[in-house]
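Asker: Got a predicted structure here, sequence first:
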Amino acid sequence: MRIHSESQSRLLLARTMRQAATLALARIHSESQSRLLLARTMRQAATLALARIHSESQSRLLLARTMRQAATLALAWMR
């Protein structure tokens, strides 16, 4: 998928973060784990929202990091 504008890349990142958080929270049963995950997700979302994305390569890197974190959370839940 080609991202044509900074606003499109930010929207894609926001949607990805929201999806990852929703999936992870749905699988975590402990209140303390849920609070920790929510805090981390909110911190990352705030960082991404405040970050300036200057190029398509930067937006792809941020998306890759987000996807990696989502995968890490899913694997941690499966253990």
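Answerer: It's in.

Asker: what about Arg68, how many neighbours?
Answerer: Neighbourhood size, Arg68 [other C-beta atoms under 10 Å]: 10. The way it works is simple: take the backbone N, C-alpha and C, and place the C-beta from them, glycine included.

Asker: Please disregard the earlier target; I meant Ala39.
Answerer: Counted with other C-beta under 10 Å, Ala39 comes out at 10.

Asker: Look at the residue nearest to Ala20 when sequence neighbours are not counted and give its secondary structure.
Answerer: Once flanking residues are discounted, Ala20 sits nearest to Ala70: 3.6 Å by C-beta to C-beta, 6 or more residues apart in numbering. Following DSSP: H, G, I helix; E, B strand; the rest coil, the label given to Ala70 is helix.

Asker: didn't Ala70 look like it was pressed against Arg18?
Answerer: No - applying C-beta atoms under 8 Å as the test, Ala70 and Arg18 come out as separate, 10.9 Å apart.
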